[in-house]
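> The following comprises the amino acid sequence and a computationally predicted model.
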Amino acid sequence: MPHAPDYNLAVVVPVHNEAANIPPLIAEIRAAMRTLDDRFAGRFDYRIIYVDDGSTDASGTRLRDLARQSADLRVVTHRTGCGQSAAIISGVKAADTDWIATIDGDGQNDPADIPALFEAALRHDQPAAPILIAGHRQRRQDSAIKLVSSRIANRVRAGLLGDATPDTGCGLKLFRREAFLTLPHFDHMHRFLPALFIRAGGRVVSHPVGHRPRQSGASHYGTWGRLKVGVVDLAGVIWLQNRWNRPDIVTTDGTSGFEAAEAIARSAQRPFARTE
């Protein structure tokens, strides 16, 4: 789609059995996108990309029906459930925008927070260091055991990974598409995005966002199941951090860091010029 540089965004929404939450959340996302369109005086473009991760309820049918009626909605379908990280990766790959916002499909994240995250990303973005704007949920609407387990997990993770992020579990995040696609991809990677961005030479800015109680459906992630896989994933990310020396690339035109890496990647995709 044609768009002005930097003023475009794809909102990626992974879902599994969230049929009742789909129509109201799409309406809220569109309202948030209208706010950004007003802010940039019509120079803003967006896509909503839903990834149906092997749903067994009416989610797939509902999404396909809505997509047929709307040019701004794109649907990616996993034949079987592959997990939230795989759904996010599929959504990012399907996007054709410079920027990506991710949001949970259960309605607990408020799409009205996306414009503030996008403007924060534009303020903090630097060519040499990819930026991740990470939502930090305020006054969380979760059960007591979920809140306690989350606080413990965040403290342990931050202490071991040094990602200095108070809430990596928040589904609201915003980043450049190209930066995300350079990261290592693995199951549950979405919970370690701050550490992965820092590992890649990037920066993380936590931004306060709202949090709402779930109105329909049920959580698909149990506390103890999350804890079990979290320990294994944490060990894996620590291994990744210790097994990578990030080179400081300098090109012949004097650019360096992430900007230089992007330039090299773009040149590798172009055919060689023929000299006579």
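Yes, it's here. Numbers count the residues shown, from 1 in each chain.
> Give me the contact list for stretch 68-86.
With contact meaning Cβ atoms under 8 Å, 6 or more residues apart in numbering, stretch 68-86 is reached by 14, 16, 26, 30, 33, 46-55, 60, 63-64, 66-67, 87, 90-91, 94, 185-190. Any C-beta I mention is one placed from the backbone N, CA and C, and that applies to glycine too.
> Repeat that for stretch 17-25.
13, 15, 50, 55-59, 62-63, 66, 103, 105-107, 111, 215-217, 220.
> again, 6 Å this time
With Cβ atoms under 6 Å, 6 or more residues apart in numbering as the test, stretch 17-25 has contacts from 55, 57-59, 62, 105-107, 216-217.
> residues in contact with D113?
Contacts of D113 (Cβ under 6 Å, 6+ apart): 172, 209.
> same thing but 10 Å
Counting by Cβ atoms under 10 Å, 6 or more residues apart in numbering, D113 touches 32, 101, 103, 135, 137, 170, 172, 174, 207-211.
> quick revisit: buried among the contacts of stretch 68-86? Make that a ChimeraX selection.
Selection of buried members from the contacts of stretch 68-86 for ChimeraX, criterion 16 or more other Cβ atoms under 10 Å:
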select :14,16,26,30,33,46,47,48,49,50,51,52,53,54,55,60,63,66,87,90,91,188,189,190
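> Now, the contacts of stretch 68-86 that are in helices?
26, 30, 33, 60, 63-64, 66-67, 87, 90-91, 94 (DSSP state H).
> how about the residues you listed, which pair is most distant?
M33 and G60 (23.5 Å; Cβ to Cβ).
> Serialize the contacts of D113 to JSON lines and add fields for pLDDT.
Converted to JSON lines, those look like this (pLDDT from 0 to 100):
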{"residue": "A32", "pLDDT": "98"}
{"residue": "A101", "pLDDT": "98"}
{"residue": "I103", "pLDDT": "98"}
{"residue": "G135", "pLDDT": "96"}
{"residue": "R137", "pLDDT": "89"}
{"residue": "C170", "pLDDT": "92"}
{"residue": "L172", "pLDDT": "97"}
{"residue": "L174", "pLDDT": "98"}
{"residue": "H207", "pLDDT": "96"}
{"residue": "P208", "pLDDT": "96"}
{"residue": "V209", "pLDDT": "96"}
{"residue": "G210", "pLDDT": "92"}
{"residue": "H211", "pLDDT": "87"}
